[in-house]
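S.K.: Show me the folded form of this:
(chains A, B and C)
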Amino acid sequence: MSEQKKVFFHVVREKWCKGCNICVAFCPKQVLELKGGKVAVARPEDCIGCRMCELRCPDYAIEVHEKGPEPAPGKDAANHDYDLPPEADHA
Amino acid sequence: MSEMLSYFRQERLPHIWCPGCGHGTITGALVRAIERLGLDKNKVCVVSGIGCSSRAVGYLDFDTLHTAHGRALAFATGIKLARPDLKVIVMTGDGDCTAIGGNHFIHAARRNIGITTIVMNNEIYGMTSGQYSPMTPKGFIGTTAPYGNLEPHFDLCELAKASGASYVARATSFHVPLLIDLIEKALQNDGFSVVEAIAQCPTYLGRRNKLGSAVDMLNWIKDQTINAKAAAALPPEKREGKLLIGELHNAPAPEYTASYGELVTKVQRSFENVKGGLWECAPNSD
Amino acid sequence: MPKTIKLMQGNEACTAGALAAGLRFYAGYPITPSTEIAELCSEELPKIGGKFVQMEDEIGSIAAIIGASLAGKKSMTATSGPGFSLMQECLGYASLCEVPIVIVNVQRMGPSTGMPTSPAQGEVMQSRWGTHGDHPVIVLAPGNVRECFDLTLRAFDLSEKYRVPAIVLTDEVIGHMREKVELPDPADVKPLRRAAPAGRTGYKPYAADPNGGVPLMASFGEGYRYHVTGLFHDETGAPSSKTEVADRLVRRLQAKVDLHADEICDYASESLEDCEVAVISFGSSAMSSLSAVRRARKEGVKAGMLRLKTIWPFPEKAVRELAGHAKTILVPEMNLGQLALEVERVVAGRARVVRIGKVNGELFRPEEIHSAVMGAK
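M.R.: Predicted structure coming up:
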């Protein structure tokens, strides 16, 4: 009996990434790499969802989520402009 | 978006810590533990001293207090005794806690007061650019130990245990799942809990002592540590020079503010029908 | 309830005044001659559901009372010279972060260990400037046992109203002497309740009128979730190193006291209107001064006395007015001339200011001040 292989996707917050390379170096499947000093997901299909990148990242710049129904587009913390008043939001 | 970020003051991120600094990792671990326990944000109070570690509280969405160098535990003692119903957490560093704050650390542990203390130990004074601390390994270079540190360092966990802390544990910014588990248990302990979290400081400790990048330092930290449970089964030579990680001491004991509350109840009962005394100056209500 | 008449010790009266003000948290460390306050609080606070803790040192004590105050409890500590010196850093913290606290300093001979059981008045300047940076502080000076009650109660009210640390400056004699005191009916005492902000959304803990406005700071654990830091901060409490934020903050803090000096300043006076020789003093020196001034008046000298009940802010108006008609102003104090510095500054040469310093650990005897008054006429 074979298990359905889980698929993972990554949320990257480039604005918060400081290019420290911890996530890249400790990924057991070499899924990540640094591009222009920021983390980039080179081989998402190889991800086994261990979440070491997410847990070790000092900057909360990368998250691993299991692929399921498409999540509703939300306001991502890293890209939210907190200087704008809430009225400027157009949902 | 991760639920964990909802515990942060997101408008204040990204934080000021250097690229590769372990403090962000440890702060994240604390928040994940809080998230797991489902603590009420309005009933958590996080207190810190001064130093890179102590900057953590400014980013957290709780009642937060950034105090004077070494004094976090004393401020926290006042908060916890005044409001025993609040979950009081202290985030401190190796210098803040064991140098200038040493006395308050010893006595908070001795009282076994219900405060969870996360000591972010990067073995250096980072904020002031790299002086040695009471946790810097012997022989290491710091700006005030340019010829090598002569001083031996504390075993912070032994110090906590000997002082009376009821829960003591150690992990690192490499062993994050373990760190989250330990912090979760520490938060659940009623008395004084200490979690020493070893962190990498690539900018100062690392650079001055040629320890390499943040990644190199994490490997260096990993190589120094050995799980306490595994270590118990090993011969002494294998444990030599290694730092034990895991739960090191777990001995529940009466928590200070609860004991004081019992005392108050007893005293109030015995003075219920007594007339006359200074206390009658007090107004009937707050 | 009928008024209570008691033979009370000064330290005891300070404790009673604190209890009347709603004291619910005391953290302290034993130090002569203030220890009775800690002992009484340890005994009385549990009776009213309050909390007492003997901290490991004075630094821990002031830190704990700041924490408890932020957590919503009226808090106090008591100490003397060496302990007061230790408390300076956190005193500045309370001043910058606008946390109401009361510190009773029962002065003894210093510097250093000094003479623990002898009175002195050596902390006049330290109480104002002991901690670094420009910071507001309110200092009150009881002159007798009943005033220990009244002024400690007032210290709490002032500290809460302006969110400035308040220091009650007594000395070993005032602290340890016993006098008959008529305590007010607790029903007649209405201590100030801490003002709380209204809404939680968009709450800014340090939002206040730049002209000495007092921010409405919530207590911890009430759902406001705000940040307090000893770093300079903006209205949201977040650390800021912007020059305009710093300037605005420091000036607003000082203005809280400066712009309300008339309301805060308090003093007692006797025979000042037509006096030619005036005595300005406070605390236990004032007891002897009053005796001397009354005797001089009987002997035909136009003597008068201004007794300070608040030392800081310094009552500039009253002293300036006095300098308008008095020819000589004597300032007897148990130090080498600290209050005198302020008197000299404000008088600005319009009258002759004579310093009378006593630093041997003994109270002034009325004769000492009397002969100075007679010699000055």
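S.K.: would you say B:W17 is within a helix?
M.R.: No - under DSSP: H, G, I helix; E, B strand; the rest coil, B:W17 falls outside any helix and is assigned coil.
S.K.: Can you read off the pLDDT for it?
M.R.: With respect to pLDDT, B:W17 scores 98.
S.K.: Would you mind giving both backbone torsions of it?
M.R.: With angles defined as degrees, to the nearest 10, B:W17 sits at phi -70, psi 150.
S.K.: Surely it touches B:R55?
M.R.: Yes - using CB atoms under 8 Å, B:W17 is in contact with B:R55, at 7.4 Å. Every C-beta, even on glycine, is put in place using the N, C-alpha and C of the backbone.
S.K.: between these two, what contacts are shared?
M.R.: Between them, B:W17 and B:R55 share these contacting residues under CB atoms under 8 Å, 6 or more residues apart in numbering or on different chains: B:H23.
S.K.: Can you give me the neighbour number for the residue in chain A positioned nearest to chain B?
M.R.: Closest residue of chain A to chain B, CB to the nearest CB: A:P58 (3.1 Å). As a burial measure, A:P58 scores 27 neighbours (other CB atoms under 10 Å in any protein chain shown).
S.K.: Next one: it relative to chain C, how far apart?
M.R.: Look at A:P58 and chain C: by CB to the nearest CB, to the nearest Å, they are 20 Å apart.
S.K.: Could I get the pLDDT score of the residue in the stretch 51-200 of chain B positioned nearest to chain A?
M.R.: Residue of the stretch 51-200 of chain B nearest chain A, by CB to the nearest CB: B:V176 (4.0 Å). If you check B:V176, the pLDDT there is 98.
S.K.: list the contacts for it?
M.R.: A:52, A:55-56, B:25, B:28-29.
S.K.: Could you rerun that using 10 Å?
M.R.: A:51-52, A:54-57, B:25-26, B:28-29, B:32, B:197 (CB atoms under 10 Å, 6 or more residues apart in numbering or on different chains).
S.K.: for C:R128, same thing?
M.R.: Contacts of C:R128 by CB under 10 Å, 6+ apart are C:135-139, C:167, C:311-314, C:338, C:342.
S.K.: So, low pLDDT: which residues of the stretch 101-250 of chain B?
M.R.: Regions of the stretch 101-250 of chain B meeting the criterion pLDDT under 70 are absent.
S.K.: Show me how chain C divides into domains.
M.R.: Listed by automatic domain parsing, the domain ranges of chain C are C:4-188, C:266-376.
S.K.: Buried deepest among those, which one?
M.R.: Highest mean neighbour count of those: domain C:4-188, a mean of 23 (counted as mean count of other CB atoms under 10 Å in any protein chain shown).
S.K.: tell me the mean pLDDT over that domain?
M.R.: Rounded mean pLDDT across domain C:4-188 is 97.
S.K.: Next: stretch B:37-57.
M.R.: 97.
S.K.: The helix ranked longest in chain C and chain B, are they touching?
M.R.: For chain C, the longest helix by residue count, based on DSSP state H, is helix C:145-162. Yes - legend: contact between helix C:145-162 and chain B by CB under 10 Å from any CB of the partner chain is shown at C:149, C:153.
S.K.: which residues in the stretch 51-200 of chain B form helices?
M.R.: Using DSSP state H, counting those that start in this stretch, the helices of the stretch 51-200 of chain B run over B:72-82, B:94-95, B:102-111, B:156-163, B:176-188.
S.K.: Please work out the average pLDDT along the shortest one.
M.R.: Averaged across helix B:94-95, the pLDDT comes to 97.
S.K.: Show me what that helix is packed against.
M.R.: Applying 3 or more CB pairs under 10 Å, 6 or more residues apart in numbering or on different chains; DSSP states H and E, we find helix B:94-95 packed against strand B:115-121.
S.K.: So which bits of the stretch 101-250 of chain C are right by chain A?
M.R.: Residues of the stretch 101-250 of chain C lying near chain A (CB under 10 Å from any CB): C:G202.
S.K.: ok, now which ones touch B:V46?
M.R.: Applying CB under 10 Å, 6+ apart, the residues contacting B:V46 are B:27, B:30, B:34, B:56-58, B:60-66, B:72, B:76, B:87-91, B:116, B:118, C:227.
S.K.: Just give me how far the longest helix of chain C sits from the chain centre.
M.R.: Centroid separation for helix C:145-162 versus its chain: 8 Å, with CA atoms, centre = their mean, to the nearest Å.
S.K.: Just after that helix, pick out the following helix or strand.
M.R.: Downstream of helix C:145-162, the next assigned helix or strand under DSSP states H and E is strand C:166-171.
S.K.: Pick out the residue in the stretch 1-150 of chain B sitting closest to chain C.
M.R.: For the stretch 1-150 of chain B, CB to the nearest CB, closest residue to chain C: B:G78, 2.8 Å.
S.K.: ok, that residue - contacts?
M.R.: By CB under 10 Å, 6+ apart, the neighbours of B:G78 are B:47, B:88, C:25, C:27, C:51, C:53, C:55, C:60-71, C:73, C:75.
S.K.: Out of these, list just those in strands.
M.R.: B:47, B:88, C:25, C:27, C:51, C:53, C:75 (DSSP state E).
S.K.: continuing past the helix or strand hosting C:L91, what's the next helix or strand?
M.R.: Taking DSSP H and E as the criterion, C:L91 maps to helix C:88-97. Following helix C:88-97 in sequence order, the next helix or strand is strand C:102-107 (DSSP H and E).
S.K.: tell me how far that following strand is from the chain's mean position?
M.R.: 7 Å.
S.K.: try stretch B:11-27
M.R.: Counting by CA atoms, centre = their mean, stretch B:11-27 comes out at 17 Å from the chain centroid.
S.K.: Would you mind listing the buried residues in that stretch?
M.R.: Within stretch B:11-27, the residues scored as buried using 16 or more other CB atoms under 10 Å in any protein chain shown are B:12-15, B:17-27.
S.K.: Keep these, but drop any that are not near chain A.
M.R.: Applying CB under 10 Å from any CB to the buried residues of stretch B:11-27, those adjacent to chain A are B:12-15, B:17-27.
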